[in-house]
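K.L.:
the following comprises the amino acid sequence and a computationally predicted model.
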Amino acid sequence: MPYVDQRGDVPLRVRVVPPSPERVLEPLLHVDHDPPVAGPVLDALRRAHRAIAALCAGAFVLARAGLLDGRRAVTHWHLAPHLQARHPDITVEPDALFIEDGNLWTSAGTAAGIDLCLHLVRLAHGAEAAATVARSMVTAPFRTGTQAQFIQQPTPRADRDADALAAVREYALRRLHEPLTVAGLAAHAGMAPRTFARHFTAATGTTPLRWLLDQRIAAAQRLLERTDLPMPEVARRAGFGSEVTMRQHFASRLATSPRAYRAAFNGTASEAGSRPIAR
């Protein structure tokens, strides 16, 4: 299901694999979420050369295709043990809302699928576009926390850890322009660095450093979309330190440059070169 940029005809090349309608409508406890999948469907998924996003039980389809072997993935918390048992080569992260591993994304339940789709819009078309879509859906453009908060009878310790991690993410977001380290964030959360990194990854589906990079890219995108600040100042405010570093990360994550990104959002497509595409 490609998403087409409203300013042109360049699609966000992400194939979205949703759970089937009958699985959504029937109770989770009484449905086989890993039924046989038609061969042509599996072959098409294996041939997909860009990114694939699987929502909720859609992870089972990717697993059937063998695309998740050796990768991290998430599904609805009730289905996580079944996914792990039936596909032991997958590292199932039961608490994350959504996870990116290479060119594959997986999400937890239906609401987490919305979170993931908004994240993909944010990567390809910017924070402002994602916020606009979120407003039209009357939902938050970005949620923190884990799906553990929706499991019956969560433990008090899990609640405390989730609160500490939410607080440290808020702390980091206010200080993106400063040099931030895992050790410093762990100290703010009151955890040892290794314990902090483990809990952070379980909660967010990504490492602290990867999360920081994502937030800095998002901050730079907002500045490029909304201001005419020079590139070195954008890089400084977003926490990259230098324009060169910011340019390298944009090329790696968005397949474009900061200048081309700004040109695209200012409507000067001739200067843009290539439009940003999620990787």
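P.N.:
Received it, and whenever you're ready, just let me know what you need. Numbers count the residues shown, from 1 in each chain.
K.L.:
now do the buried residues in stretch 248-259.
P.N.:
Residues of stretch 248-259 classed as buried by neighbour count (16 or more other CB atoms under 10 Å): 249, 250, 254, 256, 257, 258, 259. In this view, the C-beta of every residue, glycine as well, is placed from N, C-alpha and C.
K.L.:
how about stretch 225-242?
P.N.:
Neighbour-count burial for stretch 225-242 [16+ other CB under 10 Å]: 225, 231, 234, 235, 236, 237, 238, 239, 240.
K.L.:
which ones among the buried residues of stretch 248-259 map onto strands?
P.N.:
Under the assignment DSSP state E, these contribute nothing to strands.
K.L.:
just those residues: which are in helices?
P.N.:
Among the buried residues of stretch 248-259, the ones falling in helices (DSSP state H) are 249, 250, 254, 258, 259.
K.L.:
out of these, flag the one nearest to residue 167.
P.N.:
Among these, residue 249 lies closest to residue 167 (CB to CB), at 26.0 Å.
K.L.:
my guess is that closest one meets residue 215, correct?
P.N.:
No. Counting by CB atoms under 8 Å, residue 249 sits too far from residue 215 to count as a contact (11.7 Å).
K.L.:
if we can go back for a sec, and of the buried residues of stretch 248-259, the nearest to residue 118?
P.N.:
Among the buried residues of stretch 248-259, residue 254 lies closest to residue 118 (CB to CB), at 16.2 Å.
K.L.:
what does the pLDDT read for that closest one?
P.N.:
Reported pLDDT at residue 254 in the predicted model: 78.
K.L.:
ok so, going back, will you turn the buried residues of stretch 248-259 into JSON lines that also has distance to residue 196?
P.N.:
Shown next, in JSON lines, are those (distance: CB to CB, whole Å):
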{"residue": "249", "distance to residue 196": "23"}
{"residue": "250", "distance to residue 196": "28"}
{"residue": "254", "distance to residue 196": "28"}
{"residue": "256", "distance to residue 196": "33"}
{"residue": "257", "distance to residue 196": "33"}
{"residue": "258", "distance to residue 196": "31"}
{"residue": "259", "distance to residue 196": "36"}
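K.L.:
hang on, the earlier thing: just give me the closest of the buried residues of stretch 225-242 to residue 118.
P.N.:
If you rank the buried residues of stretch 225-242 by distance to residue 118 using CB to CB, residue 225 comes first, at 16.0 Å.
K.L.:
export only the CA atoms of whatever helix or strand the closest one lives in, formatted as PDB.
P.N.:
Element membership for residue 225 (DSSP states H and E) is helix 208-226. This file holds the C-alpha atoms of helix 208-226, laid out as PDB (Å, rounded to 0.1, in the frame of the first residue of the first chain):
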ATOM      1  CA  PRO A 208      19.000   4.700  23.100                       C
ATOM      2  CA  LEU A 209      21.500   5.900  20.500                       C
ATOM      3  CA  ARG A 210      19.300   5.000  17.600                       C
ATOM      4  CA  TRP A 211      16.400   6.700  19.300                       C
ATOM      5  CA  LEU A 212      18.400   9.800  19.800                       C
ATOM      6  CA  LEU A 213      19.400   9.800  16.200                       C
ATOM      7  CA  ASP A 214      15.800   9.500  15.100                       C
ATOM      8  CA  GLN A 215      14.800  12.400  17.300                       C
ATOM      9  CA  ARG A 216      17.600  14.600  16.000                       C
ATOM     10  CA  ILE A 217      16.600  13.800  12.400                       C
ATOM     11  CA  ALA A 218      13.000  14.700  13.300                       C
ATOM     12  CA  ALA A 219      14.100  17.900  15.000                       C
ATOM     13  CA  ALA A 220      16.200  18.900  11.900                       C
ATOM     14  CA  GLN A 221      13.300  18.100   9.600                       C
ATOM     15  CA  ARG A 222      11.100  20.500  11.600                       C
ATOM     16  CA  LEU A 223      13.700  23.200  11.400                       C
ATOM     17  CA  LEU A 224      14.100  22.700   7.700                       C
ATOM     18  CA  GLU A 225      10.400  22.800   7.100                       C
ATOM     19  CA  ARG A 226       9.600  25.800   9.300                       C
END
